[in-house]
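Student: predicted model and sequence below, questions to follow.
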Amino acid sequence: MGAPLRHGPFRALAAGRLLMSLGNGLANVALAFAVLDVTGSLVQVGLVVGARSVANVLLLLLGGVIADRLPRALVLRGGCALAALSQGALGAALLTGTASTPLMVGLSVLNGAAAAVNLPASAALVPQTVPPGLLRQANAVVRLTGNGAMVAGLSLGGALVAFVGPGWSIAADAGLYALACGAFVLLRPPGTEAGTGRVGVLRDLVEGWREFTARPWVWVVVAQFMVTNAAWSASVTVLGPAIADASFGRAAWGLVVAAQSAGMLAGGFLAARWLPRRALAFGVALVAVQAVPLYALSLPAAPLVLVAAMFAAGVAVEQFEVAWNVSVQENVPADRLSRVYSYDALGSFAAIPVGQAAIGPVAAAVGPERALAALAALTVAASLAALAVPDVRRLHRRT
């Protein structure tokens, strides 16, 4: 696992992504409490937090175009600088008592725009920073450190909010983005990083779409995750807390959710050391393991059973993530990689709010247990459907 870290460009990329993940975890906790302190309204919390998500999704495709046109290291510096400025302005407004809902919404939109360019640029940079033979280990290290930093950020956010308040917590988040920008200043990939110099955003989007649809295994797996992400988010973020409240309690639910993060860390270690040659098929099949905790939630299962199921799901999804990134990076041309990643993110995330909004009425009509069992079955069906596609089963990793 240490082999990719011997390369200076990769160290800078990994450090910057770690700092961004740490900041995202911190902000996820602090922002909601900041809005509550200012407005006292859960509706306003949803408005401010949702503004960032909407901006992120709407601008992802444009972010992919920008990251393919310009040097990606430069794009990351600009994205982190924008995030640092927007979070710094929000922190200052909170600390001076001048924050308002329109201001917080506007700054959340800017932060979402920064994330929309950072995601495709950072993902596409990995193969530019290490030799091809280290691509698997490099992706595993990036995922492992990012997941660990996200967990640490969530914990740090809770502590800072409790001891110094949301304003200083958001200011600390701005500082983390500034540090990430500094790390990306040191990021100088070998070879050419000169961007494409093309004109015509629409043409670039069309070219990216053709690249995305040219390989059936790409869009098939994204379609799989459109379904499985919607099922997972509806179960874990909506139904899970309600079931925990009515049965084994909130403290035990916290352990259940934390078990997934622990499983993702373990999965990252495993993927860094071993992946089969048909890594994509292996990863796609493992996604079905996510159905286990969903089904367990539909039963009167003991919390320890749920902890074990969530840990297994975390291991499985991290194996997929590394296999997916290696497959995409080995087979998509470098000058179109960011756009393919942006279409991937858009497709994978698009149905999440739909699932979260729809599961309440469905659960009210048929009962939470039946709704969870149906979502578990849907997860397995989507995984089997993707695995049935020959291109998914036949793809071999090269390194």
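Tutor: Now that the structure is in, tell me what you want to look at.
Student: measure residue 105 to residue 97 for me?
Tutor: 18 Å (Cβ to Cβ, to the nearest Å). C-beta: built from backbone N, CA, C; applies to glycine.
Student: which one of those two has more residues nearby?
Tutor: For residue 105 versus residue 97, the count of surrounding residues by other Cβ atoms under 10 Å is larger for residue 105: 18 against 8.
Student: so the more buried one is in which element?
Tutor: helix 101-129 (DSSP states H and E).
Student: again with residue 330
Tutor: helix 303-331.
Student: can you list the buried residues in that helix?
Tutor: For helix 303-331, burial by neighbour count (16 or more other Cβ atoms under 10 Å) applies to 303, 306-331.
Student: from the contact counts, what lies against it?
Tutor: Secondary-structure packing of helix 303-331 (3 or more Cβ pairs under 8 Å, 6 or more residues apart in numbering; DSSP states H and E): helix 101-129, helix 135-163, helix 216-233, helix 250-273, helix 279-286, helix 291-297, helix 337-350.
Student: can I get the fourth one as PDB, trimmed to CA atoms?
Tutor: Coordinates of each C-alpha in helix 250-273 appear next as PDB, following Å, rounded to 0.1, in the frame of the first residue of the first chain:
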ATOM      1  CA  ARG A 250     -30.600   5.700  18.900                       C
ATOM      2  CA  ALA A 251     -27.400   4.800  20.600                       C
ATOM      3  CA  ALA A 252     -27.400   1.300  19.100                       C
ATOM      4  CA  TRP A 253     -28.300   2.800  15.700                       C
ATOM      5  CA  GLY A 254     -25.200   5.000  15.900                       C
ATOM      6  CA  LEU A 255     -23.100   1.800  16.300                       C
ATOM      7  CA  VAL A 256     -24.900   0.200  13.300                       C
ATOM      8  CA  VAL A 257     -24.100   3.200  11.000                       C
ATOM      9  CA  ALA A 258     -20.500   3.300  12.300                       C
ATOM     10  CA  ALA A 259     -20.000  -0.400  11.500                       C
ATOM     11  CA  GLN A 260     -20.400   0.400   7.800                       C
ATOM     12  CA  SER A 261     -17.600   3.000   8.000                       C
ATOM     13  CA  ALA A 262     -15.400   0.400   9.700                       C
ATOM     14  CA  GLY A 263     -16.300  -2.100   7.000                       C
ATOM     15  CA  MET A 264     -15.300   0.400   4.300                       C
ATOM     16  CA  LEU A 265     -11.900   0.900   5.900                       C
ATOM     17  CA  ALA A 266     -11.400  -2.900   6.100                       C
ATOM     18  CA  GLY A 267     -12.500  -3.200   2.500                       C
ATOM     19  CA  GLY A 268     -10.000  -0.600   1.400                       C
ATOM     20  CA  PHE A 269      -7.100  -2.500   3.100                       C
ATOM     21  CA  LEU A 270      -8.300  -5.700   1.400                       C
ATOM     22  CA  ALA A 271      -8.600  -4.100  -2.100                       C
ATOM     23  CA  ALA A 272      -5.100  -2.600  -1.800                       C
ATOM     24  CA  ARG A 273      -3.700  -6.100  -1.400                       C
END
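Student: quick one, it and helix 135-163 angle?
Tutor: 150 degrees (axes from the mean of the first three to the mean of the last three Cα atoms, to 10 degrees).
Student: can you give me how far helix 250-273 is from the chain middle?
Tutor: 15 Å (Cα atoms, centre = their mean, to the nearest Å).
Student: quick one: contacts of that helix?
Tutor: 1, 136-137, 139-141, 143-144, 147-148, 150-151, 236, 240-241, 244, 293, 303, 306-308, 310-319, 321-323 (Cβ atoms under 8 Å, 6 or more residues apart in numbering).
Student: what mean pLDDT does that helix get?
Tutor: Helix 250-273 shows a mean pLDDT of 81.
Student: and it, what's buried?
Tutor: Buried, per 16+ other Cβ under 10 Å, within helix 250-273: 253, 256-268, 271-272.
Student: repeat for the second one
Tutor: For helix 135-163, the neighbour count (16+ other Cβ under 10 Å) marks 135-151, 153-154, 156-158, 160-161 as buried.
Student: least confident secondary structure element in the protein?
Tutor: helix 240-246 (a mean of 76; mean pLDDT, DSSP states H and E).
Student: and that helix, what does it pack against?
Tutor: helix 250-273.
Student: run a quick neighbour tally on the residue nearest to residue 118 when sequence neighbours are not counted.
Tutor: For residue 118, ignoring the flanking residues on the chain, the nearest one in space by Cβ to Cβ, 6 or more residues apart in numbering is residue 79 at 4.1 Å. For residue 79, the neighbour count with other Cβ under 10 Å is 27.
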